[in-house]
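>>> predicted model, plus sequence, below.
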Amino acid sequence: MALRQEERKEAAKDALAEAMTKPEIGTLELALQEALQAGLPEADCLPAQAALEDAKHLAEVRGALDLAMRSRDARRLSEALLAAEQCGLAPEELAAGEAVLKEARLRESRAALQKAVATQDVSTLFHAVAEGEAAGLDPEDLDSAKAALQEKVRKATEDGEELLLGSRAALLPPAGDLAFEVARQSLSAKGFGGFDWKVREHLAFGTVAVGQAEHGDTRRDLMDLAASFGCKFVHHKKVLGFKSWLEGRKGSMLVIADWREAKPAIEELNKRHVRAPANISQLTKTVAVTLMAMLAAVLQGRGCNTSDLASCTSSTSGCDGVTTYMNCVKDAGCCDYETGGVKVKDGFQAMVDLVNLLPGNDCTLNSPC
């Protein structure tokens, strides 16, 4: 009798080991039931019990994934796929869910675009276009939303020009302060322009305004700024002087200018096949008008009146003025500083270029808008 009991225990133990090689709920349950009836010690059953719990959990995950696929809800599908991947589901089992998820995202992106066009809200339009591109929508699917944005930007540009010119440019920060802020933030940005700031050779600063006596402090600040980053500081009042200095010059540089004739300098750089400078900024009224116009578009999208621009532009210092502009835009949800800005192309390239003008915004001002 005792011999038979021992043989039954051994058989039950072998059955548990066999069941664990292909852990299925039914097989494991039967093997564990026999093991307990045969009097197998609890310690010998623990691995099989753990395998049974894992098998049950995996079954629940498969069931949740199946229900999520039937629902065709992108968020639910994404969560179910993540849980399935974490449980070790095979790639071939995940493939079907991933295909359904892609279709769900495309469908939801199209619906979001339609809603954005209907609401005519600037922030909603920007997000819908960016998310649609990320989801892989065809360009033609984005046309209506982009057309609506173009019209908003056109109207906002007119409003911004009227506001700016009507105030006789009283709200513009001094060119020297603006230039210093661009230089400070550009030099602080990591890898901006595709190369390391540690190997930058020159901060070539060209502006008429900062060459004037009353902007001596700004000029000295720029010299200190360049030195702190291991750059040589060069000042050129005229673009011709810069072109002459550029002759035979090697290495990368940050160029900031309010020359109205900056285009010839850029053409000269391209003609010489010199590595392009990371940033050439024409700090003229044109840039300010564009910035005001983009901000007007954002404010309009948030239900603000464009007269609210005065609260964003009344300051005259670089950090309190320029970065406040950008904080207004950022807080409205039009750009993401970590990813370099929402990439809306075509008619919105001016917005993207303007956001990229200040790539390393590290101020902590709250937007007054």
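Noted; the coordinates are in hand. Nothing here was measured: the structure is a model prediction, and the numbers come from that model.

>>> which of the residues in stretch 138-148 are buried?
141, 142, 145, 146, 148 (16 or more other CB atoms under 10 Å). No exception for glycine: its C-beta is placed from N, CA and C like everyone else's.

>>> any figure for the gap between the last one and residue 121?
Residue 148 sits 10 Å away from residue 121, taking CB to CB, to the nearest Å as the criterion.

>>> what does the second one give?
Distance of residue 142 to residue 121, computed by CB to CB: 16 Å.

>>> repeat that for the third one.
Distance, residue 145 to residue 121, using CB to CB: 11 Å.

>>> also the fourth one?
Counting by CB to CB, the gap between residue 146 and residue 121 amounts to 15 Å.

>>> circling back to that earlier point, mind checking which of the buried residues of stretch 138-148 are in helices?
Using DSSP state H, 141, 142, 145, 146, 148 are the members of those that sit in helices.

>>> farthest-separated two in those residues?
141 and 148 (13.5 Å; CB to CB).

>>> what about residue 17, neighbour count?
Around residue 17 there are 13 other residues, counting by other CB atoms under 10 Å.

>>> surely it forms part of a helix?
Yes. Judged by DSSP: H, G, I helix; E, B strand; the rest coil, residue 17 forms part of a helix.

>>> show the model's pLDDT score for it.
Looking at residue 17, its pLDDT is 80.

>>> how close does it sit to residue 35?
Using CB to CB, residue 17 is found at 11 Å from residue 35.

>>> picking up where we left off before, so can I have CSV of the buried residues of stretch 138-148 showing pLDDT and distance to residue 9?
Formatted as CSV, these follow (pLDDT from 0 to 100; distance: CB to CB, whole Å):
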residue, pLDDT, distance to residue 9
141, 86, 67
142, 84, 69
145, 83, 71
146, 81, 74
148, 82, 76
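
>>> I'd assumed residue 14 was in contact with residue 38.
No. Using CB atoms under 8 Å, residue 38 is not in contact with residue 14, being 11.0 Å away.

>>> more neighbours: those two, which one.
Taking other CB under 10 Å, residue 38 and residue 14 do not tie; residue 38 has more neighbours (17 against 11).

>>> please report phi then psi for the more buried one.
phi -80, psi -10 (degrees, to the nearest 10).

>>> list the contacts for it?
With contacts taken as CB atoms under 8 Å, 6 or more residues apart in numbering, residue 38 has the following neighbours: 5, 8, 9, 11, 12.

>>> name the residues of the helix or strand the last one falls within that come out as buried.
Pointing back at residue 12 there. With secondary structure defined by DSSP states H and E, residue 12 is part of helix 2-21. Within helix 2-21, the residues scored as buried using 16+ other CB under 10 Å are 8, 9, 12, 13, 15, 16, 19, 20.

>>> return the list of helices and strands in contact with that helix.
Counting by 3 or more CB pairs under 8 Å, 6 or more residues apart in numbering; DSSP states H and E, the packing neighbours recorded for helix 2-21 are helix 25-37, helix 42-71.

>>> count of neighbours near residue 247?
As a burial measure, residue 247 scores 8 neighbours (other CB under 10 Å).

>>> so what pLDDT did it get?
For residue 247, the predicted pLDDT is 70.
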